[in-house]
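[1] Turn this into a structure:
(2 chains, ligands or ions: 1)
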Amino acid sequence: MKVTYIQPDGSEQTVEAKPGDSVMQAAIAANVPGIVAECGGSMACATCHVYVDDAWTSRTGTRSESEEDMLDCAMSEMKDSSRLSCQLRLTDEMDGLTVHIPEEQF
Amino acid sequence: MDLIEGHAPLAPSDDIPVLDIDPYEEAVLADPFPYYAQLRETGPVVFIPRYQVLAVGRYEETKATFSDHENFVSSRGIGFNDFKLEKPWRPPSIILEADPPDHTKTRRVMSKALSPKVVRGLMDDFRSTAEEVVDGLLERSEIEGVVDLAEAFPTRVFPRAVGMRDVHARHLVDYGAIVFNAVGPDNALRRGAMARAPEVAAWINAACARDRLTGEGLGALVYKAADAGEITPDEAAMLVRSFLSAGVDTTVTGIGNALWCFSQNPDQWEALKADPSLARPAFEEVLRITSPVHTFLRTANVDTEIAGHPVPESAKVLCVLGAANMDPDKWGDPEAFRIDRRPVGHMAFGAGIHGCVGQNIARGELEALLTVMADKVARIEPAGEAVWRPNNAIRALDRLPLKLIPK
Ligand code: FES
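    Prediction:
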């Protein structure tokens, strides 16, 4: 399956991923810039922040309360579409998922 | 029941291999790498008879055990003492030594106080202080890296970030070392720490009171959470105490270890000078390869298992973060210090809900310092033998003679 990351300048990168991976892991494996993920997925850094593309928000589920607390700490503005990519697990129906990378992560 | 090191005796399952060594012997603490390898090779989980504890050091099991806060709790102490069976030496930390739901509440307050946004606001001070400190050192032919730089920088910026009116650099550094030695077994290091604890802890507790803090700063943010009813005023004081136990000595250690890594690997210093944007990834690699917190414990709160081996309720488990960070199965070439490795998932700040809540500020401090140094320092050279300072949980330098060659 595939995930597409769109940078703040509009450039795109599509990477190969598999169900069960997090959107953060898929980005790190492919060296996608802007997903820093310094805490390695512990919800302790908020440097893996992404905005889920509008076309996909119905398929990415809801964020937990603790994820929301951490997003509130993120460097770039938290929006309704904000997720911590380390908490966003890929499922079969998310093939083709598109996420936007925020301006700043730290 | 007769306790062993403050916890219940453990009769492990026969299928768990035995590792008959003392990981807290000073020679092992000074050079832990052979022990780390032995631990990983012996099995996914091993039994250490001397202390009647289990230990994990392979990456997968260490990460799984350390972050499984339901089966392996922190509220019974992250050292040898089982708080359910023996009274701890100080009131337990309400974040480090707590479980959900209590932990969730205090963690939220601390996450907000230490968020990337807050750290961004501190960066100017971190950078200008780094410049002052480094400029001062460049005038000297030789420095003692631990005192002159690793201690000097955080003890200037961190109390200011917290908003402390009282600053006692020695107590601030030593308090962390005391707390971390206290999580070890009843050895000379722990006894030495306990002897100093009353004096230092009393100073720390007094310095955490609201009227000893300015209205700006991280401390004030925590007290504001108390005003908002999220926590009680007593809890706020306890959380400010956590800044001081976990935020000074650890950063001192991180800086000392970074200087040591670069003094040993001049090619990596060249790489940082060529691309100073590697300052943050470089710090991650320093953390991975030196593991400033080498070991914390967890306590099985129910009958459970590790890697298919049964683990009974009340078993203490050494989670050897330093060994996990050097596991060749995870890292390929763990011994190589490569600042562009980007070792996402290293265990130096822990993992899971207890992952270090102050990691963003630590990264900010190191980013500022390394960036300033990359700009001003041509070479970092050893000027004598580096000596490690044994501690039951921390791997820190005691002395690090260096020459800083200006650009
Ligand atoms: S990787 Fe740190 S919060 Fe997601």
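
[2] Residues of the stretch 201-350 of chain B that sit close to chain A?
    Contacts of the stretch 201-350 of chain B with chain A, taken as Cβ under 8 Å from any Cβ of the partner chain, map to B:280, B:284, B:342, B:344-346, B:349-350. The C-beta positions use only the backbone N, C-alpha and C, and glycine is treated the same way.

[3] Distance to residue A:25 and secondary structure added to the residues you listed, as CSV?
    Compiled in CSV, those are given as follows (distance: Cβ to Cβ, whole Å; DSSP: H, G, I helix; E, B strand; the rest coil):
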residue, distance to residue A:25, secondary structure
B:280, 19, helix
B:284, 16, helix
B:342, 13, coil
B:344, 9, coil
B:345, 9, coil
B:346, 15, coil
B:349, 18, coil
B:350, 19, coil
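
[4] are any of the residues you listed buried, and which?
    Among these, those buried by neighbour count (16 or more other Cβ atoms under 10 Å in any protein chain shown) are B:280, B:284, B:342, B:344-346, B:349-350.

[5] With distance to the ligand and pLDDT as new columns, can those residues be given to me in a markdown table?
    Putting those into a markdown table (distance: Cβ to the nearest ligand atom, whole Å; pLDDT from 0 to 100) gives the following:
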| residue | distance to the ligand | pLDDT |
| --- | --- | --- |
| B:280 | 13 | 96 |
| B:284 | 12 | 98 |
| B:342 | 12 | 93 |
| B:344 | 8 | 94 |
| B:345 | 9 | 95 |
| B:346 | 12 | 97 |
| B:349 | 10 | 96 |
| B:350 | 12 | 95 |
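
[6] Just name the shakiest helix or strand of chain A by mean pLDDT.
    helix A:65-71 (a mean of 93; mean pLDDT, DSSP states H and E).

[7] Tell me the helix or strand right after that helix.
    strand A:82-84 (DSSP states H and E).

[8] and that next one, average pLDDT?
    Mean pLDDT, strand A:82-84: 97.

[9] now swap in stretch B:3-15 and tell me
    In the prediction, stretch B:3-15 has an average pLDDT of 95.

[10] which stretches of the stretch 301-407 of chain B form strands?
    B:304-306, B:309-311, B:316-320, B:377-382, B:387-389, B:396-399, B:401-406 (DSSP state E, counting those that start in this stretch).

[11] what does chain A put close to the ligand?
    For chain A, the residues in contact with the ligand (Cβ under 6 Å from any ligand atom) are A:24, A:37, A:39, A:41-48, A:70, A:84, A:86.

[12] Next, give phi and psi for the residue nearest the centre of chain B.
    For chain B, the residue nearest the mean C-alpha position is residue B:293 (3.8 Å; Cα atoms, centre = their mean). As for residue B:293, its main-chain torsions (degrees, to the nearest 10) stand at phi -100, psi 110.

[13] residue contacts, it?
    When contacts are counted by Cβ atoms under 8 Å, 6 or more residues apart in numbering or on different chains, residue B:293 touches B:180, B:250, B:321, B:348-350, B:393-395.

[14] 7 Å instead, please
    B:250, B:321, B:348, B:393-394 (Cβ atoms under 7 Å, 6 or more residues apart in numbering or on different chains).

[15] With residue B:236 instead?
    Residues near residue B:236 by Cβ under 7 Å, 6+ apart: B:222-223, B:225-226.

[16] secondary structure class for residue B:23?
    The three-state assignment at residue B:23 reads coil, by DSSP: H, G, I helix; E, B strand; the rest coil.

[17] give me the number of residues near it?
    Other residues lying near residue B:23 total 26 when counted by other Cβ atoms under 10 Å in any protein chain shown.

[18] do the one 10 residues further on as well
    By the other Cβ under 10 Å criterion, the neighbourhood of residue B:33 contains 13 residues.

[19] remind me, longest helix of chain B?
    helix B:116-138 (DSSP state H).

[20] Touching that one from outside, list them.
    Here helix B:116-138 has contacts from A:46-47, A:73-75, A:106, B:143, B:148-149, B:152-153, B:156-157, B:160-161, B:360-361, B:364-365, B:368-369, B:372-373, B:376, B:404, B:406, using Cβ under 7 Å, 6+ apart.

[21] Which positions within it qualify as buried?
    Neighbour count says helix B:116-138 has B:116-119, B:122, B:126-127, B:129-131, B:133-134, B:137-138 buried, by 16+ other Cβ under 10 Å.

[22] Same check on stretch B:198-218?
    B:200-201, B:203-205, B:207-209, B:213, B:217-218.

[23] Which of these fall in helices?
    B:200-201, B:203-205, B:207, B:218.

[24] For chain A, which segments are assigned as helices?
    Going by DSSP H, chain A shows helices at A:23-29, A:65-71.

[25] any idea which element residue B:28 lies in?
    Going by DSSP H and E, residue B:28 is part of helix B:26-30.

[26] burial measure for residue B:398, as a count.
    A count of nearby residues for residue B:398, using other Cβ under 10 Å, gives 13.

[27] Excluding covalently adjacent residues, which one is nearest to it?
    Nearest non-adjacent residue to residue B:398, counting by Cβ to Cβ, 6 or more residues apart in numbering or on different chains: residue B:389, 3.5 Å away.

[28] cool, and residue B:73?
    Closest to residue B:73 by Cβ to Cβ, 6+ apart is residue B:301, at 4.3 Å.

[29] Does that neighbour touch residue B:69 like I think?
    No: counting by Cβ atoms under 7 Å, residue B:301 does not reach residue B:69; the two are 9.5 Å apart.

[30] so what secondary structure elements neighbour the helix or strand hosting residue B:223?
    Residue B:223 is part of helix B:218-227, with elements assigned from DSSP H and E. Packing partners of helix B:218-227 (3 or more Cβ pairs under 7 Å, 6 or more residues apart in numbering or on different chains; DSSP states H and E): helix B:102-113, helix B:152-162, helix B:233-247.

[31] Also compute the angle for that helix relative to helix B:233-247, please.
    With axes from the mean of the first three to the mean of the last three Cα atoms, to 10 degrees defining the directions, helix B:218-227 sits at 150 degrees from helix B:233-247.

[32] Determine how far helix B:218-227 lies from the middle of the whole chain.
    Taking the mean of its C-alpha atoms, helix B:218-227 sits 24 Å from the chain's own mean (Cα atoms, centre = their mean, to the nearest Å).
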